[in-house]
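1. No letters, just coordinates:
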């Protein structure tokens, strides 16, 4: 009996180890379709201009969609998340056809992207946006044309995805200033 029990315990331990490794594999980005609905706005994501984001949660085969990258950052920092985040992909705007057509397959891992923040270009919902690029030259060209600065994901200010207030001219939402 002991001879049979030991191999079974070893097999179970190996299987558990394999399952643990499978759980660590980052899911691939999903092509955005017309069926993609924004997590917060509950509207079709493709109806908005500018870069998009998809968040993958552990155990969920379908990503959460965001009409703006900024909204995905808000979700990441939220204490009301629905589960463990295992991947965040953003539109690579250096490979986008245009601002109006940001693409459905040109995703980049947010950890590898460069983001232009504080530019004159607002996102699809009219809010300030973190505009992702996979190529530094494309990000620099964007800054030359639209202002802003280039940062990595870890350098995006904490308040960037915080509460929105109307701009002074009422045309779009902006971050509140600290006093």
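-> Cool, the structure landed. As the structure is a prediction and not an experimental result, all values here were calculated from the model.
2. How about the biggest strand by length in the chain, which residues are buried there?
-> Ranked by residue count under DSSP state E, the longest strand found in the chain is strand 85-91. For strand 85-91, the neighbour count (16 or more other CB atoms under 10 Å) marks 86, 87, 88, 89, 90, 91 as buried. In this view, the C-beta of every residue, glycine as well, is placed from N, C-alpha and C.
3. Dump the residues you listed to TSV, plus pLDDT and distance to residue 79.
-> Output for the buried residues of strand 85-91, formatted as TSV (pLDDT from 0 to 100; distance: CB to CB, whole Å):
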residue	pLDDT	distance to residue 79
86	96	18
87	97	20
88	97	17
89	98	23
90	98	22
91	98	26
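4. Roughly how far does residue 125 sit from residue 53?
-> According to CB to CB, to the nearest Å, residue 125 and residue 53 sit 12 Å apart.
5. any shared contact partners between those two?
-> Common neighbours of residue 125 and residue 53, counting by CB atoms under 8 Å, 6 or more residues apart in numbering, are 68, 71.
6. Between those two, which has more neighbouring residues?
-> residue 53 (28 against 21; other CB atoms under 10 Å).
7. what about residue 143, how many neighbours?
-> 17.
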